[in-house]
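> Sequence first, predicted coordinates after that:
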Amino acid sequence: MQYVKPDVSTICVGMAASGAALLLAAGAEKKRFALSNSEIMIHQVMAGGIEGQAVEIEISARHILRLKDRLNQILAKHSGNDLSKVEKDTDRDYYMTAEEAKKYGLIDEIIKRRNGK
């Protein structure tokens, strides 16, 4: 999304959780939206199905920790929050309403019905 010339708008309809929340936040500035009843959830990298010898598990664990750091940096960049705040907030599942996600910096605008409701 960051490497294409046209702006990429992102819209949350319902729920954007995990990687979807990261994609939502990475939309073009002033073009990140959510419907008023949407929910957004951020959390740390999840890994499952890791097995093998201890050395392979250790390699996988190091990779997961590097990925966790990189994704937190991306989320901090696009939300405008300090990395330390993002690290704390993504330690566990962190659910937000559309309004909370706007305050957090994940979206720019909340889409409301035409009659204002």
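Received the coordinates, thanks.
> Show me where the chain dips below the pLDDT cut-off.
116-117 (pLDDT under 70).
> before we move on, could you check phi and psi at G105?
Dihedral pair for G105: phi 100, psi 10, per degrees, to the nearest 10.
> State the number of residues packed around it.
Neighbourhood size, G105 [other C-beta atoms under 10 Å]: 16. In short, each C-beta sits where N, CA and C put it, glycine included.
> Surely K112 touches S36?
Yes: using C-beta atoms under 8 Å, K112 is in contact with S36, at 5.3 Å.
> What is the longest helix of this structure by residue count?
In the chain, taking DSSP state H as the definition, the longest helix is helix 54-79.
> Output the contacting helices and strands for that helix.
Judged by 3 or more C-beta pairs under 8 Å, 6 or more residues apart in numbering; DSSP states H and E, the packing partners of helix 54-79 are helix 19-25, helix 83-89.
> End to end on stretch 16-32, go ahead and measure it.
When the termini of stretch 16-32 are compared using C-alpha to C-alpha, to the nearest Å, they are 12 Å apart.
> tell me, what residue is most central in the protein?
L22 (2.7 Å; C-alpha atoms, centre = their mean).
> Is it correct that that one is in contact with L75?
Yes: if you go by C-beta under 8 Å, L22 and L75 touch, sitting 6.0 Å apart.
> Residues in contact with both of the two, list them for me.
I42 (C-beta atoms under 8 Å, 6 or more residues apart in numbering).
> distance of T10 from I107?
Distance, T10 to I107, by C-beta to C-beta, to the nearest Å: 8 Å.
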